[in-house]
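Undergrad: any chance you can model this:
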Amino acid sequence: MSTLQKMSSQELLPVAEFLKNTLVSEIPKEREPFFLKEGIEPGVAFKMMADQWVRACPVQNKDGTEIVGTLDLRDAAKYLVEVYKGGVAGGRSPSSARRKGSLVAQHPEWKEGAGGISTLASKRPFVTVPPDATVFDVAAALASGSHIVGVEGGPPETAGLSHVITQGMLFKFCEPKIVDLKIVIDTVMTAPVISVKTTDPAIKAFEVMTQKGISAIAVVDASDGSIVHNTSTSDVKMLFTGDDSEEMQLMGSIEDFLVKLRSTNARAKTKIPVTTAQKGDTLGAVLRKMSKTGYHHTWVVNQNRAPAGVLSLTDVFKKLSGGEGKEKCCIL
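TA: Take a look at the predicted model:
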């Protein structure tokens, strides 16, 4: 182990102790669980998620007694790509098809007869922890790629689920303990970065996210490779709100698409287009920036502003949990 790694480990010890000695019941409940039922059509389900402003949610069976899995906005990106391709191939208006959901219903994977959203949800197991679990257990579960973790102990009508904890909720709870960490982000970030050019079609960005199973992608200048924009599954979510979505042209450039999207959506307008950091920045400094912007990731750039890595909340939870604590998780 290098000197830098030893320093990082020593600095994390107090944080790890806090996580292991704090029960999940101490994390404030921000909202009641939001469920989807397996009989709902995909387009309707994603519209409901957009209206609730959630990135992921558990899916119940039709009688509400069991949770069959998780529906995630990464699935919405796939939905968007499938519908748009179907519209273009069929010579119909992709924007109209997306609004009505008519084309997607004819695709085998999306047919209600083939399982509908339950087919998708079953591919993303819903992770739960018992009421006596620690915050460390939750961090370990969120580090595995889940955007939400359920806490057991609820009534039968919610399939025994008390409430859910999101990545954002856990970050907010742990923030006072981690925003002064001196660990260099170069040791925490994920690299290399997956990106698209500003001149690439918007649909390509969502297609790449679907293929790679990621929730965000860097948009770089076509000439010098510097980062210009960030796009994520949150942008997909905005397409389902109905706010001028019919005017969005996914075959146009991703840059034009994002400029249009953020000029017509009130929530998007309040966000900084992209947040960046340097490899030598401390984890605490970057986390303070993420807290202010509300983003779940920050792009790490070189001196020419070309993205060299990305720091996400998933990376942070991986560092804090060290791959431990999964014995208390239950995968449904």
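
Undergrad: in the helix or strand hosting residue 47, what counts as buried?
TA: Element membership of residue 47, judged by DSSP states H and E, is helix 42-52. By neighbour count on 16 or more other Cβ atoms under 10 Å, the buried set for helix 42-52 is 42, 43, 45, 46, 47, 48, 49, 50. C-betas here are computed from N, CA, C, even on glycine.

Undergrad: now for those residues: which two are most distant?
TA: Spatially, the most separated pair among these is 42 and 50, at 12.6 Å (Cβ to Cβ).

Undergrad: relative to residue 211, how far out is residue 252?
TA: 21 Å (Cβ to Cβ, to the nearest Å).

Undergrad: same check, this time on residue 282
TA: 33 Å.

Undergrad: between those two, which one's more packed in?
TA: Higher neighbour count among residue 282 and residue 211: residue 282, with 16 against 12, using other Cβ atoms under 10 Å.

Undergrad: I'd assumed residue 186 was in contact with that one.
TA: No. Assessed by Cβ atoms under 8 Å, residue 282 is found out of contact with residue 186, at 10.4 Å.

Undergrad: any low-confidence regions in this protein?
TA: The chain contains residues with pLDDT under 70 at 1-8, 86-115, 241-249, 265-272, 323-332.

Undergrad: just give me the residue closest to the centre of it.
TA: The chain has residue 215 as the residue nearest its centroid, 5.2 Å off, counting by Cα atoms, centre = their mean.

Undergrad: and residue 77, what helix or strand is that in?
TA: Using DSSP H and E, residue 77 falls in helix 73-89.

Undergrad: and that helix, how far from the chain's centre?
TA: Remark: helix 73-89 is offset 18 Å from the chain centroid, using Cα atoms, centre = their mean, to the nearest Å.

Undergrad: which other helices and strands contact that helix?
TA: Helices and strands touching helix 73-89, by 3 or more Cβ pairs under 8 Å, 6 or more residues apart in numbering; DSSP states H and E, are helix 42-52, helix 94-100, helix 202-212, helix 233-239.

Undergrad: try 6 Å this time
TA: Where contact means 3 or more Cβ pairs under 6 Å, 6 or more residues apart in numbering; DSSP states H and E, helix 73-89 is packed against helix 94-100, helix 202-212, helix 233-239.

Undergrad: contact partners for residue 222?
TA: Going by Cβ atoms under 6 Å, 6 or more residues apart in numbering, residue 222 touches 197, 198, 199.

Undergrad: ok, the closest residue to residue 226 other than its chain neighbours - how many residues close by?
TA: Closest residue in space to residue 226, ignoring its immediate chain neighbours: residue 305 at 3.9 Å, by Cβ to Cβ, 6 or more residues apart in numbering. A count of nearby residues for residue 305, using other Cβ under 10 Å, gives 16.

Undergrad: got the phi and psi for residue 305?
TA: Main-chain dihedrals, residue 305, degrees, to the nearest 10: phi 70, psi 20.

Undergrad: quick check: it touching residue 225?
TA: No. Applying Cβ atoms under 6 Å as the test, residue 305 and residue 225 come out as separate, 8.5 Å apart.

Undergrad: against residue 121, how distant is residue 67?
TA: Following Cβ to Cβ, the distance that separates residue 67 from residue 121 is 9 Å.

Undergrad: same thing with residue 158?
TA: 16 Å.

Undergrad: in terms of neighbours, single out the busier of the two.
TA: Comparing residue 158 with residue 121 by neighbour count (other Cβ under 10 Å), the higher total belongs to residue 121, at 26 against 18.

Undergrad: list the contacts for that one?
TA: Applying Cβ under 6 Å, 6+ apart, the residues near residue 121 are 59, 68, 69, 70, 71.

Undergrad: residues in contact with the residue nearest to the centre of the chain?
TA: Per Cβ under 6 Å, 6+ apart, neighbours of residue 215: 74, 232, 233.

Undergrad: tell me which element residue 70 is part of?
TA: Here residue 70 is assigned to strand 67-72, by DSSP H and E.

Undergrad: where do the strands sit along the protein?
TA: All strands of the chain, identified by DSSP state E, fall at 36-37, 56-60, 67-72, 127-129, 148-152, 161-166, 195-197, 216-220, 227-232, 276-278, 297-301, 307-312, 330-331.
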